[in-house]
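Peer 1: Here is a sequence with its predicted model. Questions after.
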Amino acid sequence: MSEAARKGYRGVGRAALERFGVGVWSDVEVASTGGQFKGLILPRSETADDKHIVLKLDSGYNIGIAAESITGIIETGRRDVQYKIPEKEFPVDPNKPNVLLLGTGGTIASRLDYRTGAVIPAFSPSELYGSVPELADVCNLRTEKLFGVFSENMGPTEYVALANRVAAGIEEGVDGIVIGHGTDTMHHTAAILTFMVQDPPIPIVMVGSQRSSDRPSSDAAINLINAAWTAGHGNIAEVVVCMFGPTSDQYGILHRGTRVRKMHSSYRSTFRTIGDIPLALVDSDGVRTLRDDYCPRRADRNVTINTAFEQRVTFLYYYPNMKPDIVDAIVDRGYRGIVIAGTGLGHINRPLYDAVRRATEAGVHVFMTVQTLWGYTQMYVYETGREIMELGVTPAANMLPEVAYMKLCWALGQSDDRDEVRRIMLTPVSDETTEREPYNGYLVFQGAVPEVQEFLRTIKR
């Protein structure tokens with residue numbers, strides 16, 4: 001069997017294919033100790049384990065079958081695969097806005113080849129037009145791949161490069177910028193970009209997908225279309241995250257880059273504005289704003305770029321019985337800043353007090369947020385909070401913990417003076433702290449209670 005027929009398989013997975021004389025892109029019927037399955041054998045990622053084979057079922061979903069559980073495989077057919085997506089020249093319309101799409105890694109969009117079951121990545125304008133032709137109705141699209149990393153591998157090198165490329169795009173005269181990004185750390189990048197790229201004249205729209213294009217419920221295409229609408233036609237000139245709104249595909253939501261967070265591992269509607277309401281809704285009819293305190297699009301090309309970033313900053317999620325040696329170790333390793341996600345209104349236990357005092361006396365900048373996410377650090381309410389402030393800890397109002405981490409990295413990249421760092425941290429750039437949270441900025445539904453069940457019956461499922 002050729003190497004191509006075993007693409008990505010090794011170990012016991014490869015041995016199973018060889019034992020039954022099948023390969024990648026074989027239509028098969030699999031018998032295993034876990035049941036009978038019928039589908040198409042898909043390639044394996046280079047980083048995947050060697051203990052499973054992957055089948056695409058007729059339903060469109062993929063499953064992994066433990067190779068050692070397989071008792072038989074019968075090949076019922078074979079498919080030829082074209083890895084190159086059919087390209088169509090992206091039409092240029094002088095009456096449409098010019099949008100720059102920057103790729104940071106992963107698949108911006110892709111097309112499912114229903115004949116083979118293959119998922120073919122698309123990135124160039126001609127590939128995207130072949131994959132998502134609706135984009136041509138929205139804008140003139142230009143694409144550029146900056147780097148190819150998983151979102152968990154995004155870091156200061158990528159943040160600085162991305163901020164500088166956004167600045168160059170603004171100078172080039174594009175009408176809007178879309179940034180394709182993995183969803184897991186998209187809210188981190190949105191926060192740091194907000195601080196690094198201030199007062200832009202055009203929309204800067206971050207977008208991704210929770211489910212890949214080989215799944216019937218993929219959100220990739222609609223998110224990309226909504227992001228293109230926002231970048232090309234929208235009037236909100238800020239760093240925003242554009243992702244799925246409700247569980248259906250009715251509209252997308254635009255979240256401010258400093259108040260957004262990924263809240264579910266797999267739901268398409270995973271992104272939420274925390275402690276406030278979103279900026280806008282977006283669909284094929286355009287962008288409908290939900291508030292009027294946004295920065296509007298401007299005709300000039302002015303933007304403030306500040307890519308300062310101190311890497312010796314860390315984040316501590318407080319838990320009961322946390323030991324002081326954790327704080328001591330952070331200080332001993334030369335860290336310059338610590339963001340704590342404390343309990344309640346911003347609390348930690350008394351055994352940590354001496355370690356925190358040693359940290360602040362050593363010049364480490366310590367800021368307190370709350371792990372509840374919604375709400376403020378209110379450290380004047382209880383004696384515990386007042387004691388912690390006397391240790392040199394600064395409450396960060398209602399700044400989200402991840403946003404506070406990113407902002408402290410940015411602030412310490414500019415100064416190590418305690419008063420100046422505190423001033424930078426507590427001076428809002430784009431609503432990372434707000435004077436109050438609106439009544440409808442906190443909505444967490446509890447299923448099964450009567451009033452919520454009645455509400456759920458009134459909305460589309």
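Peer 2: Great, that's in hand.

Peer 1: Wasn't Glu29 part of a strand?
Peer 2: Yes - counting by DSSP: H, G, I helix; E, B strand; the rest coil, Glu29 is part of a strand.

Peer 1: What residues sit buried inside whichever strand or helix holds Lys407?
Peer 2: Per DSSP states H and E, Lys407 falls inside helix 401-412. With burial defined by 16 or more other Cβ atoms under 10 Å, the residues of helix 401-412 counted as buried are 401-412. C-beta: built from backbone N, CA, C; applies to glycine.

Peer 1: swap in stretch 302-316?
Peer 2: Neighbour counts over stretch 302-316 (16+ other Cβ under 10 Å) mark 303, 307-310, 313-316 as buried.

Peer 1: what's the first-to-last distance across that stretch?
Peer 2: Start and end residues of stretch 302-316 are separated by 37 Å (Cα to Cα, to the nearest Å).

Peer 1: and stretch 208-219, average pLDDT?
Peer 2: The pLDDT scores in stretch 208-219 average 68.

Peer 1: Helices of this structure, start to end?
Peer 2: Per DSSP state H, the chain carries helices over the ranges 11-20, 125-131, 156-172, 186-196, 220-233, 324-332, 353-361, 383-390, 401-412, 418-426, 450-457.

Peer 1: which stretch in the ones you listed has the least confidence?
Peer 2: Among the helices of the chain, helix 125-131 scores lowest, at a mean of 74.

Peer 1: Would you mind writing the CA trace of it as CSV?
Peer 2: Provided in CSV are the C-alpha atoms of helix 125-131 (Å, rounded to 0.1, in the frame of the first residue of the first chain):
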residue,chain,number,x,y,z
PRO,A,125,-9.3,35.6,-3.0
SER,A,126,-9.9,33.2,-5.9
GLU,A,127,-10.1,30.2,-3.5
LEU,A,128,-12.4,32.1,-1.1
TYR,A,129,-14.7,33.1,-4.0
GLY,A,130,-14.9,29.5,-5.0
SER,A,131,-15.6,28.5,-1.4
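
Peer 1: residues in contact with Ile424?
Peer 2: Residues near Ile424 by Cβ atoms under 8 Å, 6 or more residues apart in numbering: 407, 410-411, 414-415.

Peer 1: could I get those as JSON lines with distance to Asp27?
Peer 2: As requested, the contacts of Ile424 are arranged in JSON lines below (distance: Cβ to Cβ, whole Å):
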{"residue": "Lys407", "distance to Asp27": "53"}
{"residue": "Trp410", "distance to Asp27": "53"}
{"residue": "Ala411", "distance to Asp27": "58"}
{"residue": "Gln414", "distance to Asp27": "60"}
{"residue": "Ser415", "distance to Asp27": "63"}
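
Peer 1: ok, of the residues you listed, which one's closest to Ala167?
Peer 2: Nearest to Ala167, judged by Cβ to Cβ, of these is Trp410 at 15.7 Å.

Peer 1: Could you tell me how far that closest one is located from Glu144?
Peer 2: From Trp410 across to Glu144, the span is 25 Å (Cβ to Cβ, to the nearest Å).

Peer 1: Would you agree Asp416 is in contact with Arg312?
Peer 2: No - between Asp416 and Arg312 there is no contact under Cβ atoms under 8 Å: 10.6 Å.

Peer 1: between these two, what contacts are shared?
Peer 2: Arg336.

Peer 1: Next up, phi/psi of the nearest residue to Ala221 once chain neighbours are set aside, please.
Peer 2: Excluding its sequence neighbours, the residue lying closest to Ala221 (Cβ to Cβ, 6 or more residues apart in numbering) is Val132, at 4.8 Å. Main-chain torsions, Val132, degrees, to the nearest 10: phi -130, psi 80.

Peer 1: what's the distance between Val132 and Ser26?
Peer 2: From Val132 over to Ser26 (counting by Cβ to Cβ), the distance is 30 Å.

Peer 1: Comparing those two, which residue is more hemmed in?
Peer 2: Val132 (23 against 20; other Cβ atoms under 10 Å).

Peer 1: Just to check, that one is in contact with Asn223?
Peer 2: No - counting by Cβ under 8 Å, Val132 stays clear of Asn223, with 10.2 Å between them.

Peer 1: I'm done for today, thanks for sticking with me.
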